[in-house]
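**Q** got a predicted structure here, sequence first:
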Amino acid sequence: MIVTRLMPHQERAVAKLRPLRIGALFMEMGLGKSLTMMRLIEARRERISRVLWFCPVSLKATIRRELEKHCPGEAVDVFDGRTATDRPSPAYWHIIGIESMSSGERHRMAAANLVDRNTCVVVDESTYIKGNRSRRTRWITAIGNTARYRYLLTGTPFTQGVVDLYAQMRFLDWRILGYKSFYTFAANHLEYSEKYPGMIVRSHNTGWLATKIAPYVYQLDKDEALTLPPKRYESRYFEMTNEQRDCYEWAKTEILSEIMDEDYCSHTIFRLFTALQQIVNGYWNRRDPDTGEVERLTFKHRRLDALRDILEQFSEGEKVIIWAKYRRDIRAIADALPGQCALFYGDLNERARDAELQKFRAGAKYFVATASCGGHGLTLNEASHVVFYNNEFKFSNRLQAEDRCHRIGQVRTVTYVDVVCTKSIDERIGESLAKKSNLLDDFKRRVYALRSVKKMSEAIKEIAADL
């Protein structure tokens with residue numbers, strides 16, 4: 001039984017989806033999607049035999065706590081390394097990591113043995129199954145096909161455009177869009193580059209798609225639903241050392257020299273961006289173009305000094321979230337702030353991450369995490385100060401990370417501070433994020449705007465000069 005009272009926007013969501021056996025909650029982060037889904041399931045309790053709740057592995061402990069909080073006394077089964085394939089748990093709620101469906105035969109078989117006609121299958125953070133051909137998408141969709149009740153939860157349904165829509169709607173029911181295959185969907189709605197296979201240059205009939213999904217979707221953003229404290233943004237700048245600057249220019253020259261008109265690919269550009277971002281952080285995992293071997297270079301840098309200056313300005317006792325992109329940066333920050341950090345990143349297993357999260361809530365001053373690991377699902381309202389030690393290239397990842405503490409329950413203005421290296425890729429990333437865009441996409445658009453008057457390689461090098 002749900003013991004938590006719903007807010008008006010959550011009640012409206014339940015009212016819309018309650019008559020439907022399939023549906024999606026496209027509710028912006030912080031609006032209480034999980035509680036809303038639990039209440040929707042409770043409304044059908046007599047008809048639902050059990051619930052399979054798929055979510056990112058990093059969210060499993062959070063979903064379990066949400067269930068314990070809102071449905072006290074309920075039996076909850078969390079899939080882990082001890083999950084048995086032949087002895088299904090009698091629990092009503094089963095929490096399963098999405099990623100494990102692409103790599104773990106044990107979890108796939110256990111989930112398949114649990115599902116029946118009256119099962120409810122929930123996919124939380126459903127953009128994790130946006131890849132039409134990915135193994136986890138195929139497995140979760142196949143499991144869902146057996147169940148009568150299927151629901152999606154996400155705050156960002158489209159991270160790359162309408163191409164993300166097909167697999168999510170296919171999980172619910174192919175009849176929503178009317179396409180049994182992705183290729184038919186693509187033929188009607190996606191236009192691909194003639195020169196670069198796989199690159200989508202335009203979408204068609206998007207209004208028709210919106211009309212088709214509207215009956216099955218409850219969509220809401222925070223501005224419509226809540227009055228939350230404002231967000232405040234600041235930046236702290238620093239400069240590269242001479243050694244960093246020399247290496248920065250060397251990396252641009254070396255990697256760009258590999259690009260020819262007939263051999264342009266996004267992977268090379270991504271490698272360039274990653275190299276430049278690493279260098280402004282004080283290191284470079286350089287791949288030798290001749291041998292392919294990786295040489296690990298390190299440099300003195302001023303980013304950690306900038307971070308210390310920022311932290312010194314916060315009041316004593318204030319909790320702070322620090323987002324960093326790379327594991328090496330997580331470890332460097334922990335070494336610079338000994339004994340004060342709770343760490344949350346990919347090198348830690350689920351149990352260790354859960355222990356670190358409790359450490360932060362119990363008294364650790366700094367929560368130091370990668371957005372790829374901690375940017376989904378966590379509620380971190382203990383903090384109202386957030387530092388981005390460095391940024392992801394995608395705006396959707398930035399937004400997810402920002403809203404870990406800007407959500408229901410936050411009563412203070414949230415301050416976000418970006419650590420920025422001047423005259424570097426950091427500034428280009430910031431410009432793209434300010435436009436709610438992605439650096440890679442911005443770069444591609446600029447390249448294609450120039451290709452009519454310049455060779456592709458010349459266009460890329462001209463634009464890369466601004467990095």
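**A** Thanks, I have the structure now. Numbers count the residues shown, from 1 in each chain.
**Q** mind listing the helices for the stretch 301-450 of the chain?
**A** For the stretch 301-450 of the chain, the helices defined by DSSP state H, counting those that start in this stretch occupy 303-313, 327-336, 350-362, 371-374, 395-402, 425-434, 439-450.
**Q** redo those helices as a markdown table? Include distance to residue 215, mean pLDDT and mean neighbour count.
**A** C-betas here are computed from N, CA, C, even on glycine. Shown next, in a markdown table, are the helices of the stretch 301-450 of the chain (distance: least, CB to CB, whole Å; pLDDT from 0 to 100; neighbours: other CB atoms under 10 Å):
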| stretch | distance to residue 215 | mean pLDDT | mean neighbour count |
| --- | --- | --- | --- |
| helix 303-313 | 48 | 93 | 16 |
| helix 327-336 | 44 | 94 | 18 |
| helix 350-362 | 37 | 90 | 16 |
| helix 371-374 | 34 | 83 | 21 |
| helix 395-402 | 26 | 88 | 21 |
| helix 425-434 | 34 | 93 | 19 |
| helix 439-450 | 31 | 77 | 17 |
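**Q** closest to residue 36 out of those?
**A** For these, proximity to residue 36 was assessed by CB to CB; helix 395-402 is nearest, at 18.5 Å.
**Q** check which helices and strands the closest one sits against.
**A** helix 371-374, strand 385-388, helix 425-434 (3 or more CB pairs under 8 Å, 6 or more residues apart in numbering; DSSP states H and E).
**Q** apply 7 Å and report the result again.
**A** helix 371-374 (3 or more CB pairs under 7 Å, 6 or more residues apart in numbering; DSSP states H and E).
**Q** name whatever forms a beta bridge with residue 342.
**A** residue 367 (DSSP bridges).
**Q** now do it, the pLDDT please.
**A** As predicted, residue 342 sits at a pLDDT of 95.
**Q** residues contacting it?
**A** For residue 342, the contacting residues are 356-357, 359-360, 364, 367, by CB atoms under 7 Å, 6 or more residues apart in numbering.
**Q** how close does it sit to residue 392?
**A** 21 Å (CB to CB, to the nearest Å).
**Q** within the helices and strands, which one has the residue nearest to residue 182 when sequence neighbours are not counted?
**A** In space, residue 182 comes closest to residue 132 once its chain neighbours are excluded; the distance is 4.4 Å by CB to CB, 6 or more residues apart in numbering. Using DSSP states H and E, residue 132 maps to neither a helix nor a strand.
**Q** nearest to residue 142 among the contacts of residue 342?
**A** Nearest member of those to residue 142, counting by CB to CB, is residue 357, at 32.5 Å.
**Q** list the contacts of the closest one.
**A** Taking CB under 7 Å, 6+ apart as the test, what residue 357 contacts is 342, 344.
**Q** send me stretch 160-168 as CSV with only the CA atoms.
**A** The C-alpha trace of stretch 160-168 is given here as CSV (Å, rounded to 0.1, in the frame of the first residue of the first chain):
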residue,chain,number,x,y,z
GLN,A,160,19.4,12.4,-30.3
GLY,A,161,16.1,13.3,-31.9
VAL,A,162,13.1,11.2,-33.0
VAL,A,163,15.3,8.3,-33.9
ASP,A,164,15.2,7.5,-30.1
LEU,A,165,11.4,7.2,-30.3
TYR,A,166,11.1,3.9,-32.2
ALA,A,167,12.6,1.4,-29.8
GLN,A,168,10.8,2.9,-26.8
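**Q** mean confidence score for it?
**A** Mean pLDDT, computed over stretch 160-168, is 89.
**Q** re the thing from before, would you turn the contacts of residue 342 into TSV with distance to residue 434?
**A** Formatted as TSV, the contacts of residue 342 follow (distance: CB to CB, whole Å):
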residue	distance to residue 434
356	31
357	30
359	34
360	29
364	31
367	25
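**Q** between those, which is nearest residue 284?
**A** residue 367 (27.6 Å).
**Q** wait, that closest one touches residue 323, no?
**A** No. Contact criterion CB atoms under 7 Å: residue 367 and residue 323 do not qualify, at 9.2 Å.
**Q** follow-up on the earlier one: could you check how far the residue nearest to residue 182 is from residue 212?
**A** 17 Å.
**Q** in the stretch 151-300 of the chain, which spans are helices?
**A** 165-172, 182-189, 206-213, 222-225, 242-256, 266-280.
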